[in-house]
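**Student:** structure for the following, please:
(one chain, ligands or ions: 2)
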Amino acid sequence: MSGINREPMLSIKNLEVTFKNGNTSFTAVKNVSFDIMEGESFALVGESGSGKTTIGRTIIRINPASHGEIYFKGKRISGVIDKETDSWVIRNIQMVFQDPMASLNERATIDYVVSEGLYNFNLFAGEEERRSKVFRALRDVGLLEEHAERYPHEFSGGQRQRICIARVLVMEPKFIIADEPISALDVSIRAQVLNLLKDLKKERGLSYLFIAHDLTVVRYFADRIAVIHQGELKELAQTEELFNRPLHYYTRSLLSAVPMPDPDLEKSKQLLVYDPETMHDYSKQGPTWRELFPGHFVLANDREAEEYQKMYSSNT
Ligand SMILES: Nc1ncnc2c1ncn2[C@@H]1O[C@H](COP(=O)(O)OP(=O)(O)OP(=O)(O)O)[C@@H](O)[C@H]1O
Ligand SMILES: [Mg+2]
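**Tutor:** Numbers count the residues shown, from 1 in each chain. Ligands and ions are numbered 1, 2, ... in the order given. Presented below is the predicted three-dimensional model:
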């Protein structure tokens, strides 16, 4: 956790996001609160449909918050904000999207793709400055200056994701939301893109919200992890703490799906299937968000909290 100071860069408070479609409505994000500190890599992990992308899109104001607030550097950025704050948000919070194959304009050169934000915000004095910013961003992600003249279809998936990252970096943001940035990539190049993100963070003091659906990737990348299921946070802790002392049934089921290096252990491993109906009894008392160990939060009722604490009291 070195290099992380106390001030939250991003603060999400009781966020709810409801989608309305005619007479039906669906709440994709329910009462979610967390802070991301300056210089921190914060991971949001959960299965498909759990609301991860929706949270990212709400931070960058594509989806409106139905309830709750979002603060960036202490300033409210959810709800109605002035124009100046709006462009401040766009410049400082950038999102790398899930699918690099779908997120590039095929008709534009890489030079244009990477420059788009610069054009939109008038972030260069002349052509020379714009070109040098584009070249620098391409070099920063391990691409070549000559790639600027080419078109997206001439690049592999991994290279395309680098282009998406270059497009984000050229804006010199403080905070990057990386939405499953490697899940669409070939296994062999995932580590390269992850290392690139890690190095950039160190060089530029960036903060990340890193979205993923499995815990393996995140263990190597994140300072803290929040586990989300059906729009609700179930657990939040420092990365090693979460791996050493998983509490919630859902977190334990995610961990049971992490492959083990020892093939014999892997074969005898029991997969824990999360079944909220049978695993929780909330008929007498509903769950609340509570800190069971320092910095380690879980959604539980009194009985579960006691049970979770007992699980680890014998061997610590
Ligand atoms: N614009 C929308 N209108 C209606 N429902 C939506 C909209 N966007 C998302 N949803 C619903 O909200 C839920 C959460 O979607 P979201 O994309 O945030 O999930 P996710 O955790 O990112 O999943 P994945 O891992 O598959 O990307 C899903 O049930 C989805 O169908
Ligand atoms: Mg998603």
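**Student:** now Phe97: closest residue in space that isn't a chain neighbour?
**Tutor:** Leaving aside its sequence neighbours, Phe97 sits nearest to Ser103 (Cβ to Cβ, 6 or more residues apart in numbering; 4.5 Å). The way it works is simple: take the backbone N, C-alpha and C, and place the C-beta from them, glycine included.
**Student:** next one: Ser253
**Tutor:** What sits nearest to Ser253 in space, not counting adjacent residues and going by Cβ to Cβ, 6+ apart, is Tyr274, at 3.9 Å.
**Student:** surely the one you found touches Ser256?
**Tutor:** No - applying Cβ atoms under 8 Å as the test, Tyr274 and Ser256 come out as separate, 9.4 Å apart.
**Student:** re the thing from before, what's the distance between the residue nearest to Phe97 and Arg252?
**Tutor:** The gap separating Ser103 from Arg252 is 34 Å, by Cβ to Cβ, to the nearest Å.
**Student:** what of Leu196?
**Tutor:** For Leu196, the distance to Arg252 equals 32 Å [Cβ to Cβ].
**Student:** looking at those two, which one has more neighbours?
**Tutor:** Leu196 (18 against 15; other Cβ atoms under 10 Å).
**Student:** check contacts around the more buried one.
**Tutor:** 141-142, 162, 165 (Cβ atoms under 8 Å, 6 or more residues apart in numbering).
**Student:** show me what from the stretch 101-250 of the chain comes close to ligand 1.
**Tutor:** Residues of the stretch 101-250 of the chain found near ligand 1 (Cβ under 6 Å from any ligand atom) are His213.
**Student:** so what's whatever residue of the stretch 101-250 of the chain ends up closest to ligand 1 up against?
**Tutor:** Residue nearest to ligand 1 within the stretch 101-250 of the chain: His213 (4.9 Å; Cβ to the nearest ligand atom). Neighbouring residues of His213 by Cβ under 8 Å, 6+ apart: 45-48, 52, 180, 183.
**Student:** which ones among those residues are found in helices?
**Tutor:** Lys52 (DSSP state H).
**Student:** just the buried subset of the contacts of His213, please.
**Tutor:** Buried members of the contacts of His213, counted by 16 or more other Cβ atoms under 10 Å: 45-47, 52, 180.
**Student:** taking these together, which two end up most distant?
**Tutor:** Spanning the widest gap among the buried ones among the contacts of His213 are Glu47 and Glu180, at 12.1 Å by Cβ to Cβ.
**Student:** secondary structure class for the closest residue to Glu38 other than its chain neighbours?
**Tutor:** The shortest distance from Glu38 to any non-neighbouring residue, by Cβ to Cβ, 6+ apart, is to Met9 (4.6 Å). Look at Met9: counting by DSSP: H, G, I helix; E, B strand; the rest coil, its state is strand.
**Student:** my read: Met9 touches Leu206, true?
**Tutor:** No - using Cβ under 8 Å, Met9 makes no contact with Leu206, being 9.7 Å away.
**Student:** can I get the contacts of Leu196 in a markdown table with neighbour count and pLDDT?
**Tutor:** Shown next, in a markdown table, are the contacts of Leu196 (neighbours: other Cβ atoms under 10 Å; pLDDT from 0 to 100):
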| residue | neighbour count | pLDDT |
| --- | --- | --- |
| Val141 | 22 | 88 |
| Gly142 | 16 | 88 |
| Arg162 | 24 | 90 |
| Ile165 | 25 | 92 |
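**Student:** residues contacting Gln285?
**Tutor:** Applying Cβ under 8 Å, 6+ apart, we find Gln285 in contact with 301-303.
**Student:** just the buried ones from the residues you listed?
**Tutor:** Counted by 16+ other Cβ under 10 Å, these give Asn301 as buried.
**Student:** okay, and which of the contacts of Gln285 map to helices?
**Tutor:** Counting by DSSP H, the contacts of Gln285 place 302-303 in helices.
**Student:** which member of the contacts of Gln285 is positioned nearest ligand 1?
**Tutor:** Relative to ligand 1, and with distances defined as Cβ to the nearest ligand atom, the nearest of those is Asn301, at 25.3 Å.
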